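Student: Okay, here's the prediction I keep looking at, along with the sequence it came from:
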Amino acid sequence: MAQVPAIDLTGQVALVTGGTRGLGRGIAAALAGAGCKVVACARSAPESLPEGVEFLAADIRDADAAKALIEEVVGRHGRIDILVNNAGGSPAAAAETASPRFVDAILKLNLVAPLYLAQAAHPHMAAQGSGSIVNIASVSGIRPSPGTAVYGAAKAGLLNLTQSLAQEWGPAGIRVNAIIAGLMSTENAEATYGDAEAQAAVGRSMPLQRMGTGEDLAGAVLWLCSSLAAWVSGARINVDGGGERPYFLDLVKGG
């Protein structure tokens, strides 16, 4: 079998939202390691960044701020080749008591902001005749998401948006794909999954016997942004360790 070459993205310019910590930091570091000029954005500056990663502050939930961010990246580097819409998330909230302000904030961060950024990047990518947009979605967008219903709905919308933009923008040479991230281990995993023992139990419940990491997600992003995926657009790539075990099987005798 022929050896697959290492992914080389030298000369390309990438923007990773939420790229200063957690999964986004891993994605930014991987893109920099592949030769990209990488800009990570967040609302506040981090204490440190991976080698080769720059920082720009922005509240991407605001349309003008999102556009200004893209323009700053292009102004610094002359182009934008890769946009990774990674910023997202939601605290738990009962659907029946979620306030209008909460709903608006979660929808803006997880669905509207990626659209604002994609819209701002479009004219630059179209002028180049190429570009790769990767939207980081979630398993919450493809199955019930009790306790985070608004987040799940936003991620479901992001998956539909991905396929719609891939259809609209394909003739301009812009590829748009989504990664459906499974249960991931980050620095905030305890707030979601419990202590280390609980997280280990969650990992053992999955087919590959562990939770995912930033490196797992980054590998899929690198592939989608490379020439190896030149004919991949509108795809939903599951990065979930084989998926979650259906709960009913634990209730069936012998399951």
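Tutor: Arrived safely, thanks for sending.

Student: Can you name the residues that contact the closest residue to Leu228 other than its chain neighbours?
Tutor: Once flanking residues are discounted, Leu228 sits nearest to Ile7: 7.1 Å by C-beta to C-beta, 6 or more residues apart in numbering. C-beta coordinates here come from the backbone N, C-alpha and C atoms, glycine included. Neighbour list for Ile7: Ala34, Leu222, Trp223, Ser226, Leu228 [criterion: C-beta atoms under 8 Å, 6 or more residues apart in numbering].

Student: The same query, at a cut-off of 10 Å, please.
Tutor: Ile7 sits next to 30-31, 33-35, 219, 222-223, 225-229 when contact means C-beta atoms under 10 Å, 6 or more residues apart in numbering.

Student: And Asn86, by the same measure?
Tutor: Contacts of Asn86 (C-beta under 10 Å, 6+ apart): 15-19, 22-28, 40-41, 114, 134-136, 179, 181, 217, 221.

Student: how far away is it from Pro146?
Tutor: Counting by C-beta to C-beta, to the nearest Å, the gap from Asn86 to Pro146 is 24 Å.

Student: same check, this time on Gly11
Tutor: Per C-beta to C-beta, Gly11 is found 45 Å from Pro146.

Student: For Thr148, give its distance to Gly157.
Tutor: 14 Å.

Student: which of the two has more neighbours?
Tutor: Comparing Thr148 with Gly157 by other C-beta atoms under 10 Å, the one with more neighbours is Thr148, at 22 against 18.

Student: Quick one: classify the nearest residue to the more buried one once chain neighbours are set aside as helix, strand or coil.
Tutor: Spatially, and ignoring its direct neighbours in sequence, Thr148 is nearest to Ser90 (5.0 Å; C-beta to C-beta, 6+ apart). What DSSP: H, G, I helix; E, B strand; the rest coil gives for Ser90 is coil.

Student: thinking Leu83 is in contact with Ile133, fair?
Tutor: Yes: with contact defined as C-beta atoms under 10 Å, Leu83 and Ile133 form a contacting pair (4.7 Å).

Student: Return the helix or strand in the chain with minimum mean pLDDT.
Tutor: Ranking every helix and strand in the chain by mean pLDDT, DSSP states H and E puts helix 189-193 at the bottom, with a mean of 59.

Student: from the contacts of Ile7, which would you call buried?
Tutor: In those, burial by neighbour count holds for Ala30, Leu31, Gly33, Ala34, Gly219, Leu222, Trp223, Cys225, Ser226, Ala229, counting by 16 or more other C-beta atoms under 10 Å.

Student: Which two of the residues you listed have the greatest separation?
Tutor: Farthest-apart pair in the buried ones among the contacts of Ile7 is Gly33 and Ala229; separation 17.9 Å (C-beta to C-beta).

Student: Which of the residues in the strand or helix carrying Lys155 are classified as buried?
Tutor: Assigned by DSSP states H and E, Lys155 belongs to helix 149-169. Using 16+ other C-beta under 10 Å as the test for burial, helix 149-169 gives 149-159, 161-163, 165-166, 169.

Student: same thing with stretch 205-216?
Tutor: For stretch 205-216, burial by neighbour count (16+ other C-beta under 10 Å) applies to Met206, Arg210, Met211, Gly212, Gly214, Asp216.

Student: Let me have those residues in JSON lines, extended by secondary structure and distance to Glu51.
Tutor: Listed next are the buried residues of stretch 205-216 as JSON lines, based on DSSP: H, G, I helix; E, B strand; the rest coil; distance: C-beta to C-beta, whole Å:
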{"residue": "Met206", "secondary structure": "coil", "distance to Glu51": "32"}
{"residue": "Arg210", "secondary structure": "coil", "distance to Glu51": "27"}
{"residue": "Met211", "secondary structure": "coil", "distance to Glu51": "26"}
{"residue": "Gly212", "secondary structure": "strand", "distance to Glu51": "23"}
{"residue": "Gly214", "secondary structure": "helix", "distance to Glu51": "15"}
{"residue": "Asp216", "secondary structure": "helix", "distance to Glu51": "21"}
